[in-house]
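Colleague: Sequence first, predicted coordinates after that:
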Amino acid sequence: MAEIGPPTKVPSEKRSVEGTFWSEPKNRALIFQGIALAAIILFGYSIFDNTLHNIESRGITSGFDFLSTESGFTIIQSLLTYNDQSTYGDAFIVSLLNTVLIASIGIVLTTFLGFFIGIARLSSNWLVSKLAMIYIEIFRNIPLLLQIFFWYHAVLKAQSGPRQIFEKDQEIFFGLSNRGIHLPRPIAEASFDFVLYGILGGIALSYAVIQWAKKRQITTGQQFPVLPSVLGLVIGLPVLIFLILGMPMSFAPAQMGRFSLSGGVTIIPEFIALLLALVIYTAAFIAENVRSGIQAINLGQTEAAQALGLKSSIILRLVILPQALRVIIPPLTSQYLNLAKNSSLAAAIAYPDLVSVFAGTALNQTGQALEIMAMTLAVYLSISLLTSVFMNWYNNKIKLVER
Amino acid sequence: MSEPIMEKSPTPHTHSASALTQISSWARKNLFSSPLNTILTLFALYLIWLIFIPAIDWALLDAVWYGDNTSCAANPEVACWPFISERLGFFFYGFYEKSELWRVDLVCAVLVIGLGALIYEKTPGRKYIGLFMLIGYPILAWVFLYGGLFGLQVVETNQWGGFFLTLVIALTGIVLSLPFGILLALGRRSTNMPIIQTFCIIFIEFWRGVPLITVLFMASVMLPLFLPPGVTMDQLLRALIGVALFSSAYMAEVVRGGLQAIPKGQFEGAMSLGLPYWRTMRLIILPQALKIVIPGIVNTFIGLFKDTTLVLIIGLFDLLGTVQAASTDPNWSIKSVPYTGYVFVALVFFICCYGMSLYSRYIETKLNTGHKR
């Protein structure tokens, strides 16, 4: 009878198989990683060595002292005061602010345009949906650089100069020339601060209204018109304060002198061209994301909502969009990141953003490629990192809790 | 008495609706079904009249098709197509030696034939053609384009330009990024080797987080510092290295998506057969993964193709660069010439990129990976 029980121990045989060390995957992994690490270190060291040698032989200074030396160039658009005695460090800050400016305005505008085109693409009106499709296909398949050149050279630079358009001493409240868009400069008087407080107050109040409306809906089931009240608070309240205080703001228009304009605010054509190209290009991609997000929602949702007798605008707003946003937001944030990175194409038309001023002019002047490129790359990498962190947080927040 | 439930009564034969009725009923349903829809349709028609009609007039109906710069100068408000036809050689070949153009033609012809054979499904020996196009063809192309061997005259890379340079950059980018991307994706998934995994993650996230322009600036300015003294690298090679590193990071993410879609059973089946790691990858996993992500690979290639225009900023003359340079020619300083040039480049890119995206959509429906509504 065979014994039932734990197998009897067989005296261990001496393993005499060749290469047992190598047949253990753990050992192979260790050796492989060791070789890889050695190769990386060796490669890195040789680059390091070459770089040190080349820097020395070419007489390039190293270190970050250049950030406090005078730059000697001017920047055509700066949100802070900047002249040619400002330092390279100031140039870095100013050009970084320019990048942030165009990226933030671009993101807001392209979201509106992209959602509009994406929903138009799904319209039941054949003509509207076909026009949206043509828009998407055209602007997705043409390189962004070409679109920037088109808007800059073909549209904005093709305008006539101010001397041809405006007469001497003419006051200009809105003008378009090859120097850009001319707008009057708003001059705020002292009591204008209350209008700004009104905006902050409006935002705080609307936050409270949103919370109250949510609670009310949970307890009583009644819907509150949240969007009109938020708009009324954030926009209407400051406007009301503005009117009550007697309109404490004047506009100083640009005035045409003998040769050029003075006063007023001029939006440079580089900014307009880059903004237009970025917004139109990214909106085409966002429209596709919106379309696929809405189409990812099961048709049953729409049909059930229709069976309940809801209007199609209500269906879109209350049933489809909340679910579609779950699918749309991750690719949407990567499109935002693309827009921020694509703003670096400003170098092609000399819009003074981070790459164009810092990694372009400053690098050419100081020759300190390593420090400057390291700072530029650090900026873009931190933007990417922040976006990934946000996306991970968002995905975790809206993750469907499965039973 | 109950009536029969189904009565077979002959339906009277009616004429099928006339064409006008069909069109008007379609229009009523799709264009004018509600007051809002009617307003939208009218607005869309207005947009078409405002934008498309003048554009078609400018580009096609009223444009100057034949002649030379005098006929264009006489009509500066319409497109000037003779500018394109006269400089077409420059737009395609760049500054390449006039006597050696046959080499470019040969390389392009082999490319077209090879790609056509790969796309057409019934070609015999498609796998070997694919391997040749990936490995043998690049070597062949560089030998013929640069010269130096077999008695061919050397044509320096600063003479390369135009659409052929666009193709060189894009194809080199894709050919180099595929193997590196696969290796990076496999490395990123190798949890048993944390050093390699960390290196791959850092590499991928670094190259994906920075704009291509900064990569090109880096390659153009910093690479000479990294090289041992005395070694020089010409401008095109630096740009190609930058583009290859950049696109291999994006390719790695695409391939990683494909690898994640392979069910675990495939790996386990291979292990149970005793296949070592690289044989598993080569014979079982990678063929399936790459087939799944062909649309993703084509999309990456479309993006790369459009991004080749950025080499303009580091001084290389791709298609956009040559057209821009040609439009500054004093013989052709007519108002319509830059616009015509830009429209021409836009058309070329649109045809190439839209064609590729149509192909990728076709593959996607064939492999049934699209989602239905």
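Modeller: Nice, thanks for sending it over. Numbering: from 1, shown residues only, chains lettered A, B, ... in the order given.

Colleague: nearest residue to residue B:322 other than its sequence neighbours?
Modeller: Nearest non-adjacent residue to residue B:322, counting by C-beta to C-beta, 6 or more residues apart in numbering or on different chains: residue B:162, 4.7 Å away. C-betas here are computed from N, CA, C, even on glycine.

Colleague: wait, the one you found sits on residue B:88?
Modeller: No: the pair residue B:162 / residue B:88 is not scored as a contact, 9.4 Å apart, by C-beta atoms under 8 Å.

Colleague: residue ranges for the helices of the stretch 201-350 of chain B, please.
Modeller: Assigned by DSSP state H, counting those that start in this stretch, the stretch 201-350 of chain B shows helices spanning B:212-221, B:223-226, B:235-260, B:264-272, B:277-280, B:286-292, B:294-307, B:319-326, B:336-367.

Colleague: Save those as CSV, and put in mean pLDDT and mean neighbour count too.
Modeller: What follows is those, written out as CSV (pLDDT from 0 to 100; neighbours: other C-beta atoms under 10 Å in any protein chain shown):
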stretch, mean pLDDT, mean neighbour count
helix B:212-221, 90, 22
helix B:223-226, 85, 16
helix B:235-260, 91, 21
helix B:264-272, 92, 12
helix B:277-280, 90, 14
helix B:286-292, 86, 16
helix B:294-307, 90, 20
helix B:319-326, 91, 23
helix B:336-367, 88, 18
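
Colleague: Can you verify residue A:6 is assigned to a strand?
Modeller: No: assigned with DSSP: H, G, I helix; E, B strand; the rest coil, residue A:6 falls outside any strand and is coil.

Colleague: and the residue nearest to residue B:322, how many neighbours?
Modeller: 26 (other C-beta atoms under 10 Å in any protein chain shown).

Colleague: Could you see whether chain A lies near the helix or strand that contains residue B:36?
Modeller: Using DSSP states H and E, residue B:36 falls within helix B:35-47. Yes: using C-beta under 8 Å from any C-beta of the partner chain, a contact is recorded between helix B:35-47 and chain A, made by B:37, B:40-41, B:44-45, B:47.

Colleague: by contact count, what packs against that helix?
Modeller: Judged by 3 or more C-beta pairs under 8 Å, 6 or more residues apart in numbering or on different chains; DSSP states H and E, the packing partners of helix B:35-47 are helix A:126-141.

Colleague: Could you list the residues in contact with the helix it packs on?
Modeller: A:117-118, A:120-123, A:147, A:280-281, A:283-285, A:287-288, B:30-31, B:40-41, B:44-45, B:47-48, B:302, B:306, B:349-350, B:353-354, B:357 (C-beta atoms under 8 Å, 6 or more residues apart in numbering or on different chains).

Colleague: at 6 Å instead, please
Modeller: Helix A:126-141 has contacts (C-beta atoms under 6 Å, 6 or more residues apart in numbering or on different chains) with A:117, A:120-121, A:123, A:280-281, A:284, A:287, B:30-31, B:40-41, B:44, B:350, B:353-354.

Colleague: Quick check: the residue nearest to residue B:322 touching residue B:320?
Modeller: No: counting by C-beta atoms under 6 Å, residue B:162 stays clear of residue B:320, with 9.8 Å between them.

Colleague: what about residue B:67, helix or strand, and which?
Modeller: Going by DSSP H and E, residue B:67 is not part of any helix or strand.

Colleague: what's the spacing between it and chain A?
Modeller: 23 Å (C-beta to the nearest C-beta, to the nearest Å).

Colleague: Spatially nearest residue to that residue, not counting backbone neighbours?
Modeller: Counting by C-beta to C-beta, 6+ apart, the residue nearest residue B:67 is residue B:82, at 5.3 Å.

Colleague: tilt between the helix or strand containing that neighbour and helix B:319-326?
Modeller: Under the criterion of DSSP H and E, residue B:82 resides in helix B:81-93. Using axes from the mean of the first three to the mean of the last three C-alpha atoms, to 10 degrees, the inter-axis angle of helix B:81-93 relative to helix B:319-326 is 130 degrees.

Colleague: quick one: pLDDT of residue A:8?
Modeller: pLDDT for residue A:8: 63.

Colleague: ignore the last one, residue A:304
Modeller: Per the predicted model, pLDDT is 93 at residue A:304.

Colleague: what residues are up against it?
Modeller: Here residue A:304 is in contact with no residues (criterion: C-beta under 6 Å, 6+ apart).

Colleague: Remind me which helix or strand it belongs to.
Modeller: Taking DSSP H and E as the definition, one finds residue A:304 inside helix A:299-307.

Colleague: Tell me which residue is most central in chain B.
Modeller: residue B:302 (2.9 Å; C-alpha atoms, centre = their mean).

Colleague: That one and residue A:143: what is the separation?
Modeller: Using C-beta to C-beta, to the nearest Å, one gets 10 Å for the distance from residue B:302 to residue A:143.

Colleague: Which residue, other than its chain neighbours, is closest to whatever residue of chain B ends up closest to chain A?
Modeller: Of all residues in chain B, the one sitting closest to chain A is residue B:209 (3.3 Å; C-beta to the nearest C-beta). Distances taken as C-beta to C-beta, 6+ apart place residue A:384 nearest to residue B:209, at 3.3 Å, with adjacent residues excluded.

Colleague: May I have the predicted confidence score for the residue in chain A that chain B sits nearest to?
Modeller: Closest to chain B within chain A is residue A:384: 3.3 Å, counting by C-beta to the nearest C-beta. Here, the pLDDT recorded for residue A:384 equals 88.

Colleague: Just the element for it, please.
Modeller: helix A:369-398.

Colleague: Can you give me the buried ones in that helix?
Modeller: By neighbour count on 16 or more other C-beta atoms under 10 Å in any protein chain shown, the buried set for helix A:369-398 is A:369-373, A:375-377, A:379-380, A:383-384, A:387-388, A:391.

Colleague: between that helix and helix B:212-221, how big is the angle?
Modeller: 150 degrees.

Colleague: picking that back up, which one of the residues of helix B:35-47 next to chain A is nearest residue B:216?
Modeller: Residue B:216 lies nearest to residue B:47 out of the residues of helix B:35-47 next to chain A, by C-beta to C-beta, at 37.9 Å.

Colleague: Residue B:36 versus that closest one, what's the distance?
Modeller: 16 Å.

Colleague: Which residue of the two possesses the greater neighbour count?
Modeller: Between residue B:47 and residue B:36, counted using other C-beta under 10 Å, the more crowded position is residue B:47 (13 against 10).

Colleague: shouldn't residue A:283 be in contact with residue A:114?
Modeller: Yes: between residue A:283 and residue A:114 a contact is recorded at 4.0 Å, counting by C-beta under 6 Å.

Colleague: neighbour-wise, which of these two wins?
Modeller: Using other C-beta under 10 Å, the more surrounded residue of residue A:283 and residue A:114 is residue A:283, with 28 against 25.

Colleague: contacting residues around that one?
Modeller: Residue A:283 neighbours (C-beta under 6 Å, 6+ apart): A:110, A:113-114, A:117.

Colleague: okay, residue B:127: pLDDT?
Modeller: Note on residue B:127: pLDDT of 79.

Colleague: which SSE is it in?
Modeller: Going by DSSP H and E, residue B:127 is part of helix B:126-131.

Colleague: which secondary structure elements does that helix contact?
Modeller: helix B:101-119 (3 or more C-beta pairs under 6 Å, 6 or more residues apart in numbering or on different chains; DSSP states H and E).

Colleague: And the contacts of the helix it packs on?
Modeller: The contact list for helix B:101-119 (C-beta under 6 Å, 6+ apart) reads B:93, B:123, B:129-130, B:133, B:141, B:144, B:164.

Colleague: Tell me which two in these are the farthest apart.
Modeller: Comparing every pair within these by C-beta to C-beta identifies B:93 and B:123 as the most remote, at 29.6 Å.

Colleague: Which one of these two is surrounded by more residues?
Modeller: Applying other C-beta under 10 Å to residue B:93 and residue B:123 shows that residue B:93 carries more neighbours, namely 22 against 13.

Colleague: Count the neighbours of the closest residue to residue A:267 other than its chain neighbours for me.
Modeller: Closest residue to residue A:267 apart from its sequence neighbours, by C-beta to C-beta, 6+ apart: residue A:181 at 4.4 Å. Residues near residue A:181, counting by other C-beta under 10 Å, number 16.

Colleague: Nice, that's everything, thank you.
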